[in-house]
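J.: Mind looking at a prediction? Sequence and model below.
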Amino acid sequence: MKLIYPILPEGRFKALTLSFDDGHIEDRRLTELFNQYGLHATFNLNSGTSGADRIPQSDYAALYAGHEIASHGVLHPGMTMTPLPLAAQQALEDRRTLEHLTQYPVRGFAYPFGENNDAVAAMLPAVGIRYARTVEDTGEFNFPQDWLRWDPTCHIFNHLLEYGQRFVERTSLRKPLLFYVWGHSWELNNNDGWAMMEKFCKQVGGRDDIWYATNIAIYDYMQAVSQLEFTADADRVYNRSAADCWLYVNGATVRLPAGQITVI
């Protein structure tokens, strides 16, 4: 038997993703910081809210270029208290507006206030949502078991730098790790938050061993590797997706070109 694990693009074993809610004007400073250090984030927006403290919709496409725009409900409703047909409408109509602004499919979601239940989670795929983020910090570097209840590693004010140090120091890995950070950009105005965030970006940015990815990029890649087809002898694998995938095979890194059968 061979020891085989799916690993991350370019043979990496670590992924970092970030998720920020509500589209406040502080996103301008935050995206500039992320762009400077090569980090990629998902920004969860409410298309039905506006005001002097919010990014205008006309700026969405340019400001969030290179990142992901995801849904956060048109009016940021508590999804478990909203009647289910109306909760579905909140997600679908948010997608529709955001897609008109971005010109790409919006497939991600963050639960407003973190509120979710079985009925809401089961409804989301019917309106085109492929993953949904909670606010339940795990303190772990794990990939989700349930994409519709994707728990992050930590909030930005939950020992971020300690987790960052632990993450960059992990070596000799066989299975990949995912570090998932969430929060709101306006929170960084408090408690020296901007200094902390810049220190975090310096701590984790610019490293060859980390894949910097949006939420949807991670979802899409993990869907691709989940569909790999192995022979019974595990000597060949068919990658039927449109994306290259990578495996750890008995200590070696193997690239699987899209649409091809590869000897491993």
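T.: Done, it's in.
J.: Every contact and neighbour count from this point should use C-alpha atoms.
T.: Will do.
J.: On the three-state scheme, the closest residue to Tyr64 other than its chain neighbours is what?
T.: Setting aside the residues directly before and after it, Tyr64 is nearest to Thr31 in space (Cα to Cα, 6 or more residues apart in numbering), at 7.2 Å. Assigned by DSSP: H, G, I helix; E, B strand; the rest coil, the conformation of Thr31 is helix.
J.: wouldn't Thr31 be in contact with Gly66 here?
T.: No. The pair formed by Thr31 and Gly66 falls short of the contact definition of Cα atoms under 8 Å, at 9.5 Å.
J.: mind listing what Ile261 touches?
T.: 236-239 (Cα atoms under 8 Å, 6 or more residues apart in numbering).
J.: So among these, which ones count as buried?
T.: For the contacts of Ile261, a burial check counting by 16 or more other Cα atoms under 10 Å picks out 237-239.
J.: For burial, what's the neighbour tally of the residue nearest to Tyr64?
T.: Number of residues near Thr31 (other Cα atoms under 10 Å) recorded here: 21.
J.: Generate CSV for the buried ones among the contacts of Ile261, with secondary structure, pLDDT and distance to Asp59 as supplementary columns.
T.: Below are the buried ones among the contacts of Ile261 laid out as CSV (DSSP: H, G, I helix; E, B strand; the rest coil; pLDDT from 0 to 100; distance: Cα to Cα, whole Å):
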residue, secondary structure, pLDDT, distance to Asp59
Val237, strand, 98, 44
Tyr238, strand, 98, 42
Asn239, coil, 98, 38
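J.: What is the nearest of those residues to Val263?
T.: Val237 (6.6 Å; Cα to Cα).
J.: quick revisit: ok, so of the contacts of Ile261, who is nearest Asn117?
T.: Minimum distance to Asn117 across the contacts of Ile261 is 34.6 Å, recorded for Asn239 (Cα to Cα).
J.: So the closest one sits against Phe230, correct?
T.: No. In this structure Asn239 lies outside contact range of Phe230 using Cα under 8 Å: 9.0 Å.
J.: So of the contacts of Ile261, which two are at opposite extremes in space?
T.: Every pair in these was compared (Cα to Cα); the two farthest apart turn out to be Arg236 and Asn239, at 9.9 Å.
J.: Tell me which residue lies nearest the centroid of the chain.
T.: Asn215 (1.7 Å; Cα atoms, centre = their mean).
J.: From the buried ones among the contacts of Ile261, pick the one nearest Pro9.
T.: Asn239 (13.9 Å).
J.: where along this protein do the strands fall?
T.: 4-7, 14-21, 41-45, 68-71, 108-110, 131-133, 154-155, 177-183, 210-212, 229-230, 236-238, 245-249, 252-256, 261-263 (DSSP state E).
J.: Redo these as a markdown table? Include distance to Ala122.
T.: Rendered in a markdown table, the data for these read as follows (distance: least, Cα to Cα, whole Å):
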| stretch | distance to Ala122 |
| --- | --- |
| strand 4-7 | 27 |
| strand 14-21 | 22 |
| strand 41-45 | 20 |
| strand 68-71 | 16 |
| strand 108-110 | 13 |
| strand 131-133 | 11 |
| strand 154-155 | 25 |
| strand 177-183 | 23 |
| strand 210-212 | 29 |
| strand 229-230 | 28 |
| strand 236-238 | 31 |
| strand 245-249 | 29 |
| strand 252-256 | 33 |
| strand 261-263 | 35 |
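J.: Out of those, flag the one nearest Arg166.
T.: The stretch from the strands of the chain with the least distance to Arg166 (Cα to Cα) is strand 177-183; that distance is 10.2 Å.
J.: got the contact list for that closest one?
T.: 13-21, 135, 140-143, 152-156, 160, 167.
J.: do stretch 149-156 as well
T.: Residues external to stretch 149-156 that are found in contact with it (Cα under 8 Å, 6+ apart): 121, 131-142, 144, 160, 179-183.
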